[in-house]
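heads up, no residue letters with this:
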């Protein structure tokens with residue numbers, strides 16, 4: 001059991017581990033049974049980066065979510081009173097969901113389900129695909145126990161997506177879009193019976209029963225995928241993309257913009273971070289080729305709220321301020337360019353790299369990614385301490401590091417030269433034929 005916990009902690013970032021510990025402590029204090037479920041387990045066991053943390057609780061999940069939000073100063077992004085689930089965003093940027101273990105019964109395709117509390121085993125058996133129906137106990141008495149009632153671990157090993165029941169895609173037709181998204185992202189095959197269920201459901205026209213808010217939820221997931229264009233292209237091939245907007249097909253997929261964003265991502269040096277609202281940037285790319293009428297149709301068919309639309313609708317206007325700042329003649333030093341770009345939201349930085357027609361702006365952004373970030377990334381704590389005398393962990397260290405970084409970028413401090421290690425002396429031969437180390441006396 002401890003092997004699974006070690007595997008989990010190894011896959012999580014420091015911020016995700018902190019968030020997991022906070023939820024675990026709150027659940028233990030409330031005497032609630034807590035499990036890590038869904039995508040986090042799928043990604044851990046499949047060897048993928050863990051995107052979000054999904055928790056299931058046998059008990060009052062919303063009360064636990066509000067307690068966690070209060071104790072950790074986390075933001076409640078969304079609350080579903082019907083399904084008893086809440087999405088939180090921690091100060092570190094980690095996103096998680098806390099849901100009640102439940103059963104869902106659908107009276108017809110796409111209908112609002114009847115929800116009742118359930119055990120974790122029943123909760124897993126009512127889910128969509130077996131790879132999402134795995135849980136890891138976070139309870140003191142059974143911590144690290146894996147629960148896999150539908151044999152999802154085996155399907156992960158075989159890289160296969162399999163629906164849990166024969167009615168999976170009929171009960172909640174938005175799962176048809178999710179199936180194609182998983183196939184594109186995970187590069188898994190679809191189980192033969194599940195694919196036949198998909199074809200039958202599509203022929204029966206159950207996609208017309210997908211609720212607008214379910215469409216928006218799926219669109220948001222697509223926009224935050226690592227490679228959204230592959231998902232969009234796959235949905236277009238299956239004639240499902242027009243569910244969002246009739247004009248969203250073929251040449252209007254804006255392949256050039258998505259491919260350029262993907263290329264820009266590769267410019268971020270390993271270990272460096274550029275905090276970015278990928279939802280805003282990718283939705284901007286998605287809607288650019290659409291007409292005003294088609295954009296309005298997208299908003300209507302997904303019932304996108306004003307708050308949900310603003311990030312991509314106002315992105316271009318917001319990026320203009322950064323463009324103006326980067327054109328300023330006063331940015332004559334590398335450190336000033338670095339500080340200006342570092343302080344800006346990542347989505348604005350990428351948008352300018354994507355479309356700005358100002359040569360000076362493009363050159364400075366290219367230097368930021370190609371020169372300045374690599375220099376900053378190679379600066380070690382010991383290097384800062386040797387130069388400034390300020391030790392890591394002290395209140396003054398962050399300021400000392402900033403001062404040292406500025407000096408390095410502007411060339412006032414050179415990169416420390418690491419001396420070459422002295423070659424080890426060749427071993428002296430031993431035995432009766434070995435030469436004496438001393439010269440013979442004549």
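Here it is on my side, so go on. These numbers come from a predicted model, not from an experiment.

all contacts plus neighbour counts: C-alpha atoms, from now on.
Fine.

so who does residue 201 touch?
Going by C-alpha atoms under 8 Å, 6 or more residues apart in numbering, residue 201 touches 169-170, 207.

mind putting the residues you listed in JSON lines, neighbour count included?
Converted to JSON lines, the contacts of residue 201 look like this (neighbours: other C-alpha atoms under 10 Å):
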{"residue": "169", "neighbour count": "28"}
{"residue": "170", "neighbour count": "25"}
{"residue": "207", "neighbour count": "22"}
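
mind checking which of those residues land in strands?
Using DSSP state E, no member of the contacts of residue 201 falls within strands.

nearest to residue 143, of those?
Comparing these against residue 143 with C-alpha to C-alpha places residue 169 closest, at 33.1 Å.

enumerate every residue touching the residue nearest the centre of the chain.
In the chain, the C-alpha nearest the mean C-alpha coordinate belongs to residue 51, at 3.9 Å (C-alpha atoms, centre = their mean). Contacts for residue 51 (C-alpha under 8 Å, 6+ apart) come out as 39-40.

so which strand or helix has it?
Here residue 51 sits in a region with no helix or strand, counting by DSSP states H and E.

adding pLDDT and distance to residue 144, write the contacts of residue 201 out as JSON lines.
Formatted as JSON lines, these follow (pLDDT from 0 to 100; distance: C-alpha to C-alpha, whole Å):
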{"residue": "169", "pLDDT": "96", "distance to residue 144": "31"}
{"residue": "170", "pLDDT": "95", "distance to residue 144": "34"}
{"residue": "207", "pLDDT": "95", "distance to residue 144": "39"}
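
show me which of the residues you listed is closest to residue 288.
Taking C-alpha to C-alpha as the measure, residue 288 lies nearest residue 207 of the contacts of residue 201, at 25.6 Å.

can you redo the contacts of residue 201 as JSON lines with distance to residue 354?
Shown next, in JSON lines, are those (distance: C-alpha to C-alpha, whole Å):
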{"residue": "169", "distance to residue 354": "38"}
{"residue": "170", "distance to residue 354": "41"}
{"residue": "207", "distance to residue 354": "35"}
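
phi and psi next, for the residue nearest to residue 79 when sequence neighbours are not counted.
Using C-alpha to C-alpha, 6 or more residues apart in numbering and skipping residues adjacent in sequence, the residue nearest residue 79 is residue 86, 4.4 Å away. Backbone torsions of residue 86, given as degrees, to the nearest 10, read phi -140, psi 140.

now do the buried residues in stretch 273-289.
274, 277-287, 289 (16 or more other C-alpha atoms under 10 Å).

now do stretch 135-143
135-139, 143.

over to stretch 338-347?
Buried residues in stretch 338-347, counted by 16+ other C-alpha under 10 Å: 338, 341-342, 344-347.

restricted to helices, list those.
With helices taken from DSSP state H, the overlap with these comprises 338, 341-342, 346-347.

could I get those as a markdown table with pLDDT and distance to residue 162?
Formatted as a markdown table, these follow (pLDDT from 0 to 100; distance: C-alpha to C-alpha, whole Å):
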| residue | pLDDT | distance to residue 162 |
| --- | --- | --- |
| 338 | 95 | 48 |
| 341 | 96 | 45 |
| 342 | 95 | 44 |
| 346 | 95 | 37 |
| 347 | 96 | 36 |
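
now for the residues you listed: which two are most distant?
338 and 347 (16.1 Å).

how near is residue 117 to residue 412?
Per C-alpha to C-alpha, to the nearest Å, residue 117 is found 64 Å from residue 412.

quick one: which of those two has more around it?
Neighbour count, other C-alpha atoms under 10 Å: between residue 117 and residue 412, residue 117 has more, with 18 against 10.

number of residues surrounding the nearest residue to the more buried one once chain neighbours are set aside?
Excluding the flanking residues, the one nearest residue 117 by C-alpha to C-alpha, 6+ apart is residue 102, at 4.4 Å. By the criterion of other C-alpha under 10 Å, residue 102 has 24 neighbours.

contacts only, for residue 102.
Taking C-alpha under 8 Å, 6+ apart as the contact definition, residue 102 lies against 83, 115-120, 122-123.

out of those residues, grab the one that's most surrounded.
residue 120 leads those on contacts (other C-alpha under 10 Å) with 24 neighbours.

that concludes my questions; thank you for your assistance.
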